[in-house]
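A.B. asks: No letters, just coordinates:
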């Protein structure tokens, strides 16, 4: 029995929660995964996993072995990375998750260049606005738009996007301009379902004092493009990032409101399960995106940039 391989299979089964998902991640068959786990249990003379038709759970011995095996594999991966990451050709399937609007506007145009640069990598890109569990759902990498970052995964910042309050000229002609944050209560606002603060909008003045306003939503949506379309049609005030509305602001199709107040910035992050177990294909795509979005992000660039 190849014990290092058996350790890798065991750790993958535990982290993915399934023999089948572990087989997919390891690019082998479920039968091989089962064989390695069975041989490991026989070699150690103890059961490592409790198996039912619905879920797996670790035994006491399994918990001890999992912690040690994960540490060993992380050390092996880090050592290999130090020696060979520069010379290994990225290859294999790369599952990426990204938000819908950002994925269409800023990532979709990049993938052809990435594929030309790394022909051995097979991209599998899913655009979903909800926050996915990248380990549980089998992703190698997730692009996340976040104020809080991630405490459970490794993350690398790609860029920053400013948040903007805005509305169309037609809407402002009809309903007027808010002069202060409290005036937003009287306006028709369009809400984003995944916003962490719900309908409480917080604006920061020049003295760094926070002004929290509980706005009234005329419309809810879980998609930024839908909110943008409603605002462009004169249906209300939106709070959206510049990566989505930057071109509209420059073209005068949307007007920034309360420019003397600042809204919290958001970061564009690349998230992956572990910094110490970084494959060549993940390293390649993260470095590629960092190079692309470095400096002034594309949504805030002028022609002079």
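C.D. replies: Alright, I've got the coordinates. Note that this is a predicted model, so its numbers are computed, not measured.
A.B. asks: So which bits of stretch 36-46 are buried?
C.D. replies: Within stretch 36-46, the residues scored as buried using 16 or more other CB atoms under 10 Å are 36-37, 40-41. In this view, the C-beta of every residue, glycine as well, is placed from N, C-alpha and C.
A.B. asks: Can you flag which of these belong to helices?
C.D. replies: Judged by DSSP state H, the buried residues of stretch 36-46 include 36-37, 40-41 as members of helices.
A.B. asks: just to revisit the earlier point, relative to residue 208, which of the buried residues of stretch 36-46 is nearest.
C.D. replies: Of all these, residue 37 has the smallest distance to residue 208: 55.6 Å, by CB to CB.
A.B. asks: who's in contact with that closest one?
C.D. replies: Applying CB atoms under 8 Å, 6 or more residues apart in numbering to residue 37 gives the contacts 6, 9-10, 13, 19, 48-49.
A.B. asks: Including distance to residue 217, neighbour count and pLDDT, could these go into CSV?
C.D. replies: Output for the contacts of residue 37, formatted as CSV (distance: CB to CB, whole Å; neighbours: other CB atoms under 10 Å; pLDDT from 0 to 100):
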residue, distance to residue 217, neighbour count, pLDDT
6, 54, 20, 91
9, 49, 26, 91
10, 49, 25, 92
13, 45, 26, 90
19, 45, 20, 90
48, 51, 22, 92
49, 47, 18, 91
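A.B. asks: In contact with residue 95, which residues?
C.D. replies: If you count contacts by CB under 8 Å, 6+ apart, residue 95 has them with 124, 126, 138-141.
A.B. asks: how about a cut-off of 6 Å?
C.D. replies: Listed by CB atoms under 6 Å, 6 or more residues apart in numbering, the contact set of residue 95 reads 124, 139-140.
A.B. asks: Helix or strand: which one has residue 246?
C.D. replies: Residue 246 belongs to helix 242-251 when assigned by DSSP states H and E.
A.B. asks: Now do the buried residues in that helix.
C.D. replies: 242-246, 248.
A.B. asks: Name the next helix or strand downstream of that helix, please.
C.D. replies: strand 255-256.
A.B. asks: Please enumerate the helices of this structure.
C.D. replies: 3-16, 19-26, 30-44, 60-84, 100-102, 111-117, 169-175, 224-232, 242-251, 280-293.
A.B. asks: Distance to residue 134 added to those, as TSV?
C.D. replies: Below are the helices of the chain laid out as TSV (distance: least, CB to CB, whole Å):
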stretch	distance to residue 134
helix 3-16	11
helix 19-26	12
helix 30-44	20
helix 60-84	17
helix 100-102	16
helix 111-117	19
helix 169-175	39
helix 224-232	21
helix 242-251	21
helix 280-293	11
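A.B. asks: hey, least reliable of the ones you listed by pLDDT?
C.D. replies: Lowest mean pLDDT within the helices of the chain: helix 60-84, at a mean of 76.
A.B. asks: Closest to the centroid, which residue in this protein?
C.D. replies: residue 144 (2.5 Å; CA atoms, centre = their mean).
A.B. asks: quick one: the residue lying closest to that one once chain neighbours are set aside from residue 137, how far?
C.D. replies: Spatial nearest neighbour of residue 144, excluding adjacent residues (CB to CB, 6 or more residues apart in numbering): residue 269 at 4.9 Å. With the distance defined as CB to CB, to the nearest Å, residue 269 ends up 17 Å from residue 137.
A.B. asks: who's more crowded, these two?
C.D. replies: Between residue 269 and residue 137, counted using other CB atoms under 10 Å, residue 269 has the larger neighbour count: 20 against 14.
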